[in-house]
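K.L.:
Okay, here's the prediction I keep looking at, along with the sequence it came from:
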Amino acid sequence: MVSGWVWTPPGNSSVPAALTVATYGSDLLVIKYPVIPWLAISVLGWVFGRHLIRYAAGLSTISGRKVLWMCGGLSLVLFVIVRGLNGYGNMFLPRVGSSWQQWLHVSKYPPSLIFYTLELGILFLCLAFLRNLELRIGVRENGPFYVFGQTAMFFYIAHRLAFEVSATWFGLRDIDGLGATYGVSAVALLLLYPACLWYRRVKAAHPKSVLKYL
């Protein structure tokens, strides 16, 4: 609803629209990651981090795991409700059928309410499960989740460059099905793991440099 106050359909865009949606003006300027929707996700992560600090200090009785389980469940329930109503919250991708593909075909550019609730709901539940697993097996210094988590931005940039270069310059875009996608993704993880290990060492050796943000 708020987006309706600052944005009108493409062709009559404005500067405020550039902060809330993925396109501004003509095709000469395409904003893939509008500020306000993605900043909200960053702030959510910051708030959760502050809660973990408060819990560790004994200032809260609700553990991070409970927060994740509750938020994950509530997010997915909200997703089902909003996607089912098929009105506000779908942005440019309302359901045109009842297949599972239509339910999961949500708008990321720009991010919609159904995108938030689906993706964050799944993420919250996965994090809660991994937290339970961590309590059983402990923290492994070179565990893949630990390494990728500590080098998240580096991993994102590296994998994006690898996929975009191969797709654009070597003609590998849309050449096979879902199975090939999963296979290539698995290979990319294996190749990027040692690169992320290396970058983590470099970042640890320069704790006050700009590298800490990557």
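P.N.:
The structure has been received and is ready for your questions. Numbers count the residues shown, from 1 in each chain.

K.L.:
Where does pLDDT dip in this protein?
P.N.:
1-30 (pLDDT under 70).

K.L.:
May I ask you to name the longest helix in it?
P.N.:
Of all the elements of type helix in the chain, the one with the most residues (DSSP state H) is helix 178-205.

K.L.:
Which elements pack onto that helix?
P.N.:
On a contact count with 3 or more Cβ pairs under 8 Å, 6 or more residues apart in numbering; DSSP states H and E, helix 178-205 meets helix 144-150, helix 152-169. Backbone N, C-alpha and C define where each C-beta goes, glycine included.

K.L.:
just checking, what packs against the first one?
P.N.:
The contact analysis (3+ Cβ pairs under 8 Å, 6+ apart) places helix 144-150 against helix 178-205.

K.L.:
Also compute the angle for the helix it packs on relative to helix 152-169, please.
P.N.:
Taking axes from the mean of the first three to the mean of the last three Cα atoms, to 10 degrees, one finds helix 178-205 and helix 152-169 inclined to each other by 140 degrees.

K.L.:
on that earlier part again, return the most buried member of the helices and strands packed on helix 178-205.
P.N.:
Sort these by mean neighbour count, taking mean count of other Cβ atoms under 10 Å, and helix 144-150 sits at the top with a mean of 15.

K.L.:
Run through who's touching it.
P.N.:
With Cβ atoms under 8 Å, 6 or more residues apart in numbering as the contact definition, helix 144-150 has outside contacts at Leu130, Val139, Arg140, Phe155, Leu189, Tyr193, Cys196, Leu197, Arg200, Lys203.

K.L.:
Now do the same for the residue sitting furthest away from the middle of the chain: helix, strand or coil?
P.N.:
Here the centre of the chain is the reference, and by Cα atoms, centre = their mean the most remote residue is Gly58, at 29.9 Å. Taking DSSP: H, G, I helix; E, B strand; the rest coil as the rule, one finds Gly58 in the coil state.

K.L.:
got it, and the one 4 residues further on?
P.N.:
Here Ile62 is recorded as coil under three-state DSSP.

K.L.:
Let me know how buried the spatially closest residue to it that is not a sequence neighbour is, in neighbour terms.
P.N.:
Of all residues not flanking Ile62 in the chain, Tyr55 sits nearest, at 7.0 Å (Cβ to Cβ, 6 or more residues apart in numbering). For Tyr55, the neighbour count with other Cβ atoms under 10 Å is 17.

K.L.:
With Leu190 instead?
P.N.:
Leu190 has 10 neighbours, counted by other Cβ under 10 Å.

K.L.:
swap in Gly87?
P.N.:
So Gly87, with other Cβ under 10 Å, has 9 neighbours.

K.L.:
Next, the contact list for it, please.
P.N.:
By Cβ under 8 Å, 6+ apart, the contact list for Gly87 reads Pro94.

K.L.:
Wasn't it part of a helix?
P.N.:
No: the secondary structure assignment for Gly87 gives coil rather than a helix, going by three-state DSSP.

K.L.:
Show me how to select, in ChimeraX, the buried members of the contacts of helix 144-150.
P.N.:
Here is the ChimeraX command that picks out the buried ones among these, judged by 16 or more other Cβ atoms under 10 Å:
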select :155,193,196,200,203
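
K.L.:
Reformat the contacts of helix 144-150 as a markdown table; add distance to Gly72.
P.N.:
Written out in a markdown table, the entries for the contacts of helix 144-150 read as follows (distance: Cβ to Cβ, whole Å):
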| residue | distance to Gly72 |
| --- | --- |
| Leu130 | 12 |
| Val139 | 22 |
| Arg140 | 24 |
| Phe155 | 23 |
| Leu189 | 24 |
| Tyr193 | 27 |
| Cys196 | 26 |
| Leu197 | 30 |
| Arg200 | 28 |
| Lys203 | 30 |
